[in-house]
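K.L.:
What follows is a protein structure lacking sequence information:
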């Protein structure tokens, strides 16, 4: 497992927060400067490069790098982000069923603060494969967790979409 210096991680996160201040080449150069401290075979390096491709609309270049990062044992939250982002790219490249497969596995894992992104991306992919009721169910169930009221009723409605039964 790769150990990431928290200060380096903070600098990378700060750089990503400012993405809209850069054009693609400038953002890439600045990120590469940060990545230079990592070994060439670092999974985090492959992930960050994939994310740059993705962020600037180059899904076909991003997917192999996500796959490489995951195969190399990408650690921590970046692993989950890689699955979400890769599945989104795969969906955009025309293979929504593969995205559904990847995200369905991810959804079954313990929930965390980015589970909403898993649900949202899965809902989009499910829509693309014609499973619209399931997509709405997943989206409504995810949204129910954040509502100040009606949580239980929305969760029941989400389940009912899958069974055609009224709550």
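P.N.:
Yep, that arrived. Please read these numbers as outputs of a predicted model, since none were measured by experiment.

K.L.:
Name the nearest residue to residue 139, sequence neighbours excluded.
P.N.:
Excluding the flanking residues, the one nearest residue 139 by CB to CB, 6 or more residues apart in numbering is residue 123, at 4.3 Å. C-beta coordinates here come from the backbone N, C-alpha and C atoms, glycine included.

K.L.:
Give the buried residues for the helix or strand that contains the one you found.
P.N.:
Using DSSP states H and E, residue 123 falls within helix 115-128. Using 16 or more other CB atoms under 10 Å as the test for burial, helix 115-128 gives 115, 117-128.

K.L.:
And for stretch 82-97?
P.N.:
82-92, 95-96.

K.L.:
circling back: distance from the next helix or strand after the helix holding residue 123 to the middle of the chain?
P.N.:
With elements assigned by DSSP H and E, the helix or strand that comes after helix 115-128 is helix 132-144. The chain centre lies 17 Å from the centre of helix 132-144; the measure is CA atoms, centre = their mean, to the nearest Å.

K.L.:
Helix 132-144 - contacts with which helices or strands?
P.N.:
Here helix 132-144 touches helix 115-128, helix 151-163, going by 3 or more CB pairs under 8 Å, 6 or more residues apart in numbering; DSSP states H and E.

K.L.:
related to what we said a few turns ago, export the buried residues of helix 115-128 to a markdown table and append columns for distance to residue 8 and pLDDT.
P.N.:
Converted to a markdown table, these look like this (distance: CB to CB, whole Å; pLDDT from 0 to 100):
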| residue | distance to residue 8 | pLDDT |
| --- | --- | --- |
| 115 | 26 | 94 |
| 117 | 24 | 95 |
| 118 | 26 | 97 |
| 119 | 30 | 96 |
| 120 | 29 | 96 |
| 121 | 28 | 97 |
| 122 | 31 | 98 |
| 123 | 34 | 97 |
| 124 | 33 | 97 |
| 125 | 33 | 98 |
| 126 | 37 | 98 |
| 127 | 38 | 97 |
| 128 | 37 | 98 |
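
K.L.:
Perfect, that will be all.
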